[in-house]
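Asks: one predicted model, sequence on top.
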Number of protein chains: 2
Amino acid sequence: MQTKFLLGENRIPTHWYNVIADLPAPPAPVLHPGTLQPVTPADMLPLFPPQLLEQEMSGERWIKIPDEVREIYKLWRPSPLIRAHRLERLLGTPAKIYFKYEGVSPAGSHKPNTAVPQAYYNKLAGTKRIASETGAGQWGSSIALACQMFGLECTIYMVRVSHGQKPYRRSMMQLWGAEVLASPSPRTNVGRAILARDPQNQGSLGIAISEAVEDAATHDDTKYALGSVLNHVCLHQTVIGLEAKEQMKEAGDYPDVVIACHGGGSNFAGMAFPFVADKAAGKQVRLLAVEPASCPTLTKGVYDFDFGDTARMAPVVKMHTLGHDFMPPGIHAGGLRYHGASPLVSQLLHHGIIEARAVGQLSCFEAAVTFARTEAIIPAPESSHAIRGAIDEALAAKAEGKPRTILFNLSGHGHVDMTAYDDYLSGKLVDYEYPAEKVKESLAHLPKVPA
Amino acid sequence: MQTKFLLGENRIPTHWYNVIADLPAPPAPVLHPGTLQPVTPADMLPLFPPQLLEQEMSGERWIKIPDEVREIYKLWRPSPLIRAHRLERLLGTPAKIYFKYEGVSPAGSHKPNTAVPQAYYNKLAGTKRIASETGAGQWGSSIALACQMFGLECTIYMVRVSHGQKPYRRSMMQLWGAEVLASPSPRTNVGRAILARDPQNQGSLGIAISEAVEDAATHDDTKYALGSVLNHVCLHQTVIGLEAKEQMKEAGDYPDVVIACHGGGSNFAGMAFPFVADKAAGKQVRLLAVEPASCPTLTKGVYDFDFGDTARMAPVVKMHTLGHDFMPPGIHAGGLRYHGASPLVSQLLHHGIIEARAVGQLSCFEAAVTFARTEAIIPAPESSHAIRGAIDEALAAKAEGKPRTILFNLSGHGHVDMTAYDDYLSGKLVDYEYPAEKVKESLAHLPKVPA
């Protein structure tokens, strides 16, 4: 029985897939955080190079991947598609479980898929330095790596709670040549203001984004890079799903349900968007985003305009949001702590094209341990949400006594997240309740956007 | 230009290659540590299951890989062969550099290649528990993983200095279900005796081996497993070189020099032994083992009979050794701190079929950083010795102005070794001198073996 479905490097996709071409309605406009009027390219050019802005706004279905980017992709892509035979047997399920494994990248996650083209387009545009933020450190290490590949400098604002919990990720960024600051930091106005009010502030992705945006906006040779949420980021990640579709063909199979974890949305987008095209063409396939119950953006947030960051410097976009000043509890899956969601993922959920589910941290770690003890790979805590989703689908198939073909994205390995496993195995972790009161409060602060 | 050479899982080797069939002389006998007379299978059966003992003694050139083992190998094998285009360009060398990347295994190193068959044969023989030791933790995590795959219990004695330096490796073992003890431990007579003399003893691979051997020898349901040195371990690792030969064919190339780092010898054996067969058949190929200057077993040790462990409980074998009570300095490449070497590697060196070179820790980290910043992958500190060797060969080719085809084994990734990189980048690491006086002392304690 075949376990692994590989593609040669000549089968790295030549084009990214742009889901905007298959949306039932055009995306809502992006608004300026000061005026709440639609942004112009001129507003955004201080932050992004022109080619990334073009991709951000493009309605073209297919966008060519530059040869220079494909050359770097070749270092680890195409990533393998693996059939989880041993997990299936343990569960005693009639379901077939496949996973795409993005942990083979040099940074150990899917994030370099977009970091590399972002660094490339910045290099083309003459950028000298990239400022960015990171939660768990997976994005930060990936953009550091990509900057190193193209000879750019890199400054990373790392959410303080992760900076403490994940020293290895910090070291990886430094090894790849980046400067790493714990956020909130004394380097920016935003950071200084927060530290003045609360010197022990543990940070959030929202704050770190504010700092990186300020850094880029106030330095001519510096641009900003975001590891999730934005359209061009989701676009670049579609290499995952495009490859997976080819590999499912090699397996002679097609998924009934496609699953990925959801933080800002890029990992879900990367896996699921290419299947939206199939769905638009009439195929039956469910697309399921799994998010943490402690930061339930898609399942408990509202679909409305909100700021992308805490300090209200980033653009206002229409998305599922818990409110830009929502501060999630310090769960270990640091990459899934964002208050908002990709506007494209949000819109697809709004249209009923995708589904979302929230799961507790303990049930995710339980799934991750089961996975590590059957399929051998140690998952990143973020990815464990997708595993939870996949196991639940497999158990539902068992309860129904019907086959089901499940495909999920294992977005990264957990070799640098072992303290989280330590805490879980020693019984130190707890489930956080959905913070309904806090969300009510933060949702009261949404911007008043004129109709 | 092609970067990555992949093989489908149907091309995982069907047989391991046994280099004994191509040695110019039979291996020296293995002696009982008490009597110094050749051991009998009956002496060894308390420690190893019969099928591993058979492989240990076999002279057959090809030994079939069981289907159950190949099924587990499929989770990550064949591993990729990668052409280091970017490193070549940086060095400005006419040499071509290829590396085989074993870091794609679930444990992040080549060690599962032998852990899996060892666990399998133990399961077949009715073993309930495996006791083993680990230095850097790469072997320990691999045997823990393999035991988990076959439903065996696992106890790991982990060298105390690594137990402190590498908590993530300890957590990986625990996640895969093993019990992990810092060695010297109070669990064994050997450990208790050492702790009584020196409560702060930082341990060594020799001590940890003594503890694991004692544990296995004193429990009926428990066997011992070793991650390097022994013939059957080297045998299992030959999947690396066998695959690499196929992949070099796909690349339309053949190496002038094959390089791997050397600790106990299994990683070097795995890559180089299949090329010994070619050499025996008249092919020109250099085989280079690179070891740390602080533990220079092959380049400064003697080729003589010595105990495999510090407590003189393990068999006496003819090998390159620094003396069984040699205690190497606490370098970061914890996997390369063994006082001895594989008898087969030692014999090949003695016959002049392979070469050895010792390199300093700082020059290895320099090579590793160069590699991470060009080829993106962060190497394990052990593997950095092979990179140093490969870069030196590429620079020699440049100095000569002649092409050279270099193949090296990148035995693992360094994601769980980031503190070592931290120390290097912050200037905290130093080079250790070759401890000539200590070696003179320890070499005086070799057993007096009757001719």
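Replies: Nice, thanks for sending it over. These figures come from a predicted structure and were not determined experimentally.
Asks: please count neighbours and contacts with C-alpha atoms only from this point.
Replies: Will do.
Asks: need the residues of chain A near chain B, please.
Replies: A:2-6, A:8-9, A:74-75, A:82, A:104, A:106-107, A:145, A:148-149, A:168, A:171-172, A:175-176, A:369, A:372-378, A:415-416, A:418-419, A:421-422, A:425 (C-alpha under 8 Å from any C-alpha of the partner chain).
Asks: could you redo the last one with a cut-off of 7 Å?
Replies: Counting by C-alpha under 7 Å from any C-alpha of the partner chain, the residues of chain A close to chain B are A:3-4, A:6, A:8-9, A:74-75, A:104, A:106, A:145, A:148-149, A:168, A:171-172, A:175-176, A:369, A:373-374, A:376-377, A:415-416, A:418, A:422.
Asks: tell me which of the residues you listed fall in helices.
Replies: Judged by DSSP state H, the subset of the residues of chain A next to chain B located in helices is A:Leu145, A:Gln148, A:Met149, A:Tyr168, A:Ser171, A:Met172, A:Leu175, A:Val369, A:Arg373, A:Thr374, A:Met418, A:Asp422.
Asks: measure the third one to B:Leu87 for me?
Replies: The reference is to A:Met149. 11 Å (C-alpha to C-alpha, to the nearest Å).
Asks: can you give me the strands for the stretch 201-350 of chain A?
Replies: Assigned by DSSP state E, counting those that start in this stretch, the strands in the stretch 201-350 of chain A fall at A:222-225, A:257-261, A:286-292, A:302-307, A:316-321.
Asks: that older thread, what touches both of A:Met149 and B:Leu87?
Replies: Jointly contacting A:Met149 and B:Leu87 under the rule C-alpha atoms under 7 Å, 6 or more residues apart in numbering or on different chains are B:Thr374.
Asks: how about the strands of the stretch 201-350 of chain A in TSV, adding mean pLDDT, mean neighbour count and distance to B:Glu214?
Replies: Formatted as TSV, the strands of the stretch 201-350 of chain A follow (pLDDT from 0 to 100; neighbours: other C-alpha atoms under 10 Å in any protein chain shown; distance: least, C-alpha to C-alpha, whole Å):
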stretch	mean pLDDT	mean neighbour count	distance to B:Glu214
strand A:222-225	97	26	56
strand A:257-261	98	29	46
strand A:286-292	97	26	47
strand A:302-307	96	23	63
strand A:316-321	96	28	60
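Asks: worst-scoring helix or strand of chain A, pLDDT-wise?
Replies: When each helix and strand of chain A is scored by mean pLDDT, DSSP states H and E, helix A:160-165 comes last, with a mean of 84.
Asks: which parts of that one are buried?
Replies: Within helix A:160-165, the residues scored as buried using 16 or more other C-alpha atoms under 10 Å in any protein chain shown are A:Arg160, A:Val161, A:Ser162, A:His163, A:Gln165.
Asks: over to stretch A:295-302?
Replies: A:Cys295, A:Pro296, A:Thr297, A:Leu298, A:Thr299, A:Lys300, A:Gly301, A:Val302.
Asks: on that earlier part again, tell me the one of the ones in helices among the residues of chain A next to chain B nearest B:Val290?
Replies: A:Leu175 (23.6 Å; C-alpha to C-alpha).
Asks: so what's the residue count around that closest one?
Replies: Using other C-alpha atoms under 10 Å in any protein chain shown, the number of residues around A:Leu175 comes to 25.
Asks: please, where are all the helices along the stretch 151-300 of chain A?
Replies: Counting by DSSP state H, counting those that start in this stretch, the stretch 151-300 of chain A has helices at residues A:160-165, A:167-175, A:189-197, A:205-217, A:231-237, A:239-250, A:266-280, A:297-300.
Asks: quick one: which of those is nearest A:Glu56?
Replies: Taking C-alpha to C-alpha, helix A:231-237 is the member of those nearest to A:Glu56, at 4.8 Å.
Asks: pull the CA atoms of stretch A:209-224 into PDB?
Replies: Output in PDB follows, covering the C-alpha atoms of stretch A:209-224 (Å, rounded to 0.1, in the frame of the first residue of the first chain):
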ATOM      1  CA  ILE A 209       2.100  44.300  13.700                       C
ATOM      2  CA  SER A 210       1.700  47.900  14.900                       C
ATOM      3  CA  GLU A 211       5.400  48.100  15.700                       C
ATOM      4  CA  ALA A 212       6.600  46.600  12.500                       C
ATOM      5  CA  VAL A 213       4.200  48.800  10.400                       C
ATOM      6  CA  GLU A 214       5.500  51.900  12.300                       C
ATOM      7  CA  ASP A 215       9.100  50.800  11.700                       C
ATOM      8  CA  ALA A 216       8.500  50.500   7.900                       C
ATOM      9  CA  ALA A 217       6.400  53.600   7.600                       C
ATOM     10  CA  THR A 218       9.100  55.700   9.300                       C
ATOM     11  CA  HIS A 219      12.100  54.400   7.300                       C
ATOM     12  CA  ASP A 220      12.500  55.100   3.600                       C
ATOM     13  CA  ASP A 221      14.600  52.000   2.800                       C
ATOM     14  CA  THR A 222      12.300  49.700   4.800                       C
ATOM     15  CA  LYS A 223       9.200  47.800   3.800                       C
ATOM     16  CA  TYR A 224       6.700  45.800   5.900                       C
END
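Asks: before we move on, the earlier item: tabulate the strands of the stretch 201-350 of chain A (JSON lines), appending distance to A:Arg192.
Replies: Formatted as JSON lines, the strands of the stretch 201-350 of chain A follow (distance: least, C-alpha to C-alpha, whole Å):
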{"stretch": "strand A:222-225", "distance to A:Arg192": "20"}
{"stretch": "strand A:257-261", "distance to A:Arg192": "33"}
{"stretch": "strand A:286-292", "distance to A:Arg192": "30"}
{"stretch": "strand A:302-307", "distance to A:Arg192": "20"}
{"stretch": "strand A:316-321", "distance to A:Arg192": "23"}
